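K.L.:
Sequence below, structure please.
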Amino acid sequence: MSHLGMKLIYPMLNRREDTWCERSFAPWVDMEKQLRDHDLPLFAIESMMPLCDFDFVGFTLQYEMSFTNIINMLDLGKIPIRSVDRTMADPIIIAGGPCASNPEPLADFVDIFFIGDAEVTLDDLLDLYKIWKKTKKPRVEFLKQAVALEGIYVPAFYEPTYNTDGTLKDFQPIVEEAPQKVRKCFVDDLNTAYYPETLLVPYTSTVHDRVSYEIFRGCGRGCRFCQAGMLYRPTREKTSETIKNQIDILLKNTGYDEISLASLSSGDYPGIEILIKDLVDKYEQDNISVSLPSLRIDSVSIDMLEQMQKVRKSGVTLAPEAGTQRLRDVINKGVTEEDLMRTVQNAFEKKFGHIKLYFMMGLPTEKDEDIAGIAHLGHKVVETYFDTDEAVRNRSLKVVISAACFVPKPFTPFQWEAQDTMNEFVRKQKYLKNEIKSRKINYNWQDSHLSYLEAIFARGDRRLCKLLEAAQKAGCRFDGWSRMFDYDTWLQLIEDLEIDGMFYACRQREKEELFPWDFIDIGVTKEYLYHENQKAKLGELTPYCKEKCNDCGVMQFKEGWVCSEHYTV
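P.N.:
Alright, predicted model coming up:
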């Protein structure tokens, strides 16, 4: 319920007079048992109609380790798991979201993938479906018409071949209607694009129980590990007038008492401090707070922190990503230790006492001194707190260091890189734990087994479909929850199916290797990504897009696209 995409698509579809859109979620294991014991199909929340009775069933792909949940929901909904087994009586299965940037591990289960901003093409797809449905022609005829739309990929219309070493040899369409390349679709102007005037407000509390409002889409920072920063280029911003008007309507229609200004890097919005001040001044008397979920260390100012803590004070979350300046340059993070210390000093002076620091371990070229640097930064934050005047600082301090295992993702400069082995991650995690000496620091780390599987599916091909299907049948679901994740079952399935997990996760790719996702055109060229990969190895920085166009290809991606005034070409 916290997913911003669903909050946009749900009312967008229901505004149509010919369309009725409902919600359905993966049931927890106790509910699943009841459904199976009583032979009841998984149903939609609003009408309780079985999933199998709908025309379309759509999924958002936010995380690779939710893939088994998708297959399980199809099974619970009495829908044939594999596309090839579906008939005219079955729904069309669609999927989109960031993980659709490599759709191949789900190729056997999904009929249509949306590549890019689905709201651009969704209405056109439904219009096509209405016409096709009256003709009563085979499903394949509808799919052949659908691939003419921008951003639509039908995996059944393509066939891969492989080299003897297991790498992809070729990937070609097998019907004439299917394009050689699938180009992503994206919203040109967010100011004129559809945005809901009301949001579904559930009866229960959700993870993000607030108005989550998108102030701009895309990011031009160019962090080399970040998939979203490449997928959602170019940056498209809403005007402050549009933002304030739409937020006002949403607050009146929902009753929420918090506004979250969402984007990949909210602090980069032009005039963000003025926007926050305007919102705080308007809603402070109603006890409505403003927050920024995504902040760069170098974009946080004293004034911004002071404005945001007027109504209610929460913690400050920052992401240095790496422990040393050398490694931050490798990943093109573009922030320094001085930036971090200045920001936490400002936070402590404004009585913030809870600081969260996010890092990754296993980044390309990483050394033990980079891991030790994570502990060093944590200790420096603690020192900064005690160096702050007791009269102005918070009475208590809590510093949380979270270190995720790096997973190379498609469409990033690091898509060629090998992931660290599980044993190496465990060694680094223990090393960092020993380096952290302060009792004021809490250290959280990620299960390396889970990250290993995530890496397998992130860069996998459709040969992994059999693994997902077998895992669902073996009871794997909610794998992102530690108490549900069963690595031994996954490992046994990988061995039984003779799948080489290291081939997908821990193998260095050659420059010219054909990737399973290379048939997708996101605008950013593969040549540019490889050039960034080489610059990373040299520790060379790439400027922020708003400071200098780096010719990634996206500005030439769409005919007629004009750079905004914030870009220099």
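K.L.:
And the helices in the stretch 351-500 of the chain?
P.N.:
368-387, 422-435, 448-458, 465-473, 487-496 (DSSP state H, counting those that start in this stretch).
K.L.:
most tightly surrounded among those?
P.N.:
Across the helices of the stretch 351-500 of the chain, averaging neighbours per residue (mean count of other CB atoms under 10 Å) puts helix 448-458 on top, at a mean of 23. In short, each C-beta sits where N, CA and C put it, glycine included.
K.L.:
about what we covered before: would a markdown table of the helices of the stretch 351-500 of the chain with distance to Leu190 and mean pLDDT be doable?
P.N.:
Shown next, in a markdown table, are the helices of the stretch 351-500 of the chain (distance: least, CB to CB, whole Å; pLDDT from 0 to 100):
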| stretch | distance to Leu190 | mean pLDDT |
| --- | --- | --- |
| helix 368-387 | 36 | 98 |
| helix 422-435 | 39 | 98 |
| helix 448-458 | 28 | 98 |
| helix 465-473 | 35 | 98 |
| helix 487-496 | 40 | 98 |
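K.L.:
Phi first, then psi, for the nearest residue to Leu292 once chain neighbours are set aside.
P.N.:
Nearest residue to Leu292 in three dimensions, chain neighbours excluded: Ser266, at 4.3 Å (CB to CB, 6 or more residues apart in numbering). Main-chain torsions, Ser266, degrees, to the nearest 10: phi -60, psi -30.
K.L.:
Ser266 and Met304 touch, don't they?
P.N.:
No - with contact defined as CB atoms under 8 Å, Ser266 does not reach Met304; the gap is 10.1 Å.
K.L.:
and for those two, which residues touch both?
P.N.:
Ile272, Leu292 (CB atoms under 8 Å, 6 or more residues apart in numbering).
K.L.:
Identify the residues contacting stretch 279-292?
P.N.:
Contacts of stretch 279-292 (CB under 8 Å, 6+ apart): 210, 244, 247-248, 251, 256-261, 266-267, 272, 276, 304, 307-308, 310-312, 314.
K.L.:
got the contact list for the closest residue to Val207 other than its chain neighbours?
P.N.:
What sits nearest to Val207 in space, not counting adjacent residues and going by CB to CB, 6+ apart, is Ser2, at 4.7 Å. Applying CB under 8 Å, 6+ apart, one finds that Ser2 lies in contact with Thr206, Val207, His208, Asp209, Ser212.
K.L.:
ditto for Ile93
P.N.:
With contact set as CB under 8 Å, 6+ apart, Ile93 has these partners: Phe56, Val57, Gly58, Phe59, Leu74, Ile79, Ser83, Arg86, Phe109, Val110, Asp111, Ile112.
K.L.:
Next: Val344.
P.N.:
With CB under 8 Å, 6+ apart, Val344 has these contacts: Val316, Leu318, Ile355, Val381, Thr384, Tyr385.
K.L.:
Who are the contact partners of the last one?
P.N.:
Spelled out, it's Tyr385. Tyr385 neighbours (CB under 8 Å, 6+ apart): Val344, Phe348, Gly353, Arg393, Leu397, Val399, Lys440.
K.L.:
could I get those as CSV with pLDDT?
P.N.:
Output for these, formatted as CSV (pLDDT from 0 to 100):
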residue, pLDDT
Val344, 92
Phe348, 92
Gly353, 91
Arg393, 93
Leu397, 96
Val399, 97
Lys440, 97
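K.L.:
on that earlier part again, SS state for the residue nearest to Val207?
P.N.:
coil (DSSP: H, G, I helix; E, B strand; the rest coil).
K.L.:
ok, now Leu340?
P.N.:
The three-state label given to Leu340 by three-state DSSP is helix.
K.L.:
Correct me if wrong: it contacts Ile374.
P.N.:
No - under the criterion of CB under 8 Å, Leu340 makes no contact with Ile374, lying 11.7 Å away.
K.L.:
Dump the C-alpha coordinates for the lowest-mean-pLDDT helix or strand in the chain into PDB.
P.N.:
None of the helices or strands of the chain scores lower by mean pLDDT, DSSP states H and E than helix 302-308, at a mean of 70. Output of helix 302-308 as PDB, limited to C-alpha atoms (Å, rounded to 0.1, in the frame of the first residue of the first chain):
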ATOM      1  CA  ILE A 302      20.900  24.000   8.500                       C
ATOM      2  CA  ASP A 303      17.800  25.800   7.300                       C
ATOM      3  CA  MET A 304      16.400  22.700   5.700                       C
ATOM      4  CA  LEU A 305      16.800  20.600   8.900                       C
ATOM      5  CA  GLU A 306      15.400  23.400  11.000                       C
ATOM      6  CA  GLN A 307      12.300  23.700   8.900                       C
ATOM      7  CA  MET A 308      11.700  19.900   8.800                       C
END
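K.L.:
Flag every buried residue along that helix.
P.N.:
Met304, Leu305, Glu306, Gln307, Met308 (16 or more other CB atoms under 10 Å).
K.L.:
Lys428: which of the residues you listed is nearest?
P.N.:
Comparing these against Lys428 with CB to CB places Leu305 closest, at 32.5 Å.
K.L.:
ok, now which ones touch that closest one?
P.N.:
Val316, Asn346, Ala347, Lys350, Phe352.
K.L.:
Leaving out chain neighbours, which residue sits closest to it?
P.N.:
Nearest to Leu305 is Lys350, by CB to CB, 6+ apart, at 4.9 Å.
K.L.:
for Lys144, same thing?
P.N.:
In space, Lys144 is closest to Glu177, 4.4 Å off (CB to CB, 6+ apart).
K.L.:
My guess is Met361 contacts Arg427. True?
P.N.:
No - using CB under 8 Å, Met361 is not in contact with Arg427; the gap is 10.2 Å.
K.L.:
gap between the helix or strand containing Glu273 and the chain center?
P.N.:
For Glu273, the host element (DSSP states H and E) is helix 272-283. Helix 272-283 sits 28 Å away from the centroid of its parent chain (CA atoms, centre = their mean, to the nearest Å).
K.L.:
what pLDDT, on average, does that helix get?
P.N.:
For helix 272-283, mean pLDDT rounds to 94.
K.L.:
Restricting the selection to alpha carbons, write it to CSV.
P.N.:
Provided in CSV are the C-alpha atoms of helix 272-283 (Å, rounded to 0.1, in the frame of the first residue of the first chain):
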residue,chain,number,x,y,z
ILE,A,272,14.0,22.8,-2.2
GLU,A,273,14.6,24.9,0.8
ILE,A,274,12.0,27.5,-0.3
LEU,A,275,9.6,24.7,-1.1
ILE,A,276,10.0,23.1,2.3
LYS,A,277,9.6,26.5,4.1
ASP,A,278,6.4,27.3,2.1
LEU,A,279,4.9,23.9,3.0
VAL,A,280,5.9,24.1,6.7
ASP,A,281,4.6,27.6,7.0
LYS,A,282,1.3,26.6,5.5
TYR,A,283,0.7,23.4,7.4
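K.L.:
Give me the residue ranges of the stretch 451-569 of the chain where confidence is low.
P.N.:
Residue ranges of the stretch 451-569 of the chain with pLDDT under 70: 558-569.
K.L.:
Now do the residue of the chain positioned farthest from its centre against Phe348, distance only.
P.N.:
Distance to the chain centre peaks in the chain at Ala391, reaching 41.1 Å (criterion: CA atoms, centre = their mean). Computed with CB to CB, to the nearest Å, the distance linking Ala391 and Phe348 is 12 Å.
K.L.:
Then Lys367?
P.N.:
31 Å.
K.L.:
Same question for Asp339.
P.N.:
For Asp339 relative to Phe348 (CB to CB), the value is 15 Å.
K.L.:
what about these two, which has more around it?
P.N.:
Phe348 (23 against 19; other CB atoms under 10 Å).
K.L.:
in which helix or strand would I find that one?
P.N.:
Using DSSP H and E, Phe348 maps to helix 337-349.
K.L.:
Just the buried positions in that helix, please.
P.N.:
In helix 337-349, counting by 16+ other CB under 10 Å, buried: Glu337, Asp339, Leu340, Met341, Arg342, Thr343, Val344, Gln345, Asn346, Ala347, Phe348, Glu349.
K.L.:
ok, those vs Ser451, which is closest?
P.N.:
Using CB to CB, the buried residues of helix 337-349 come closest to Ser451 at Leu340, 25.1 Å.
K.L.:
All set now, cheers.
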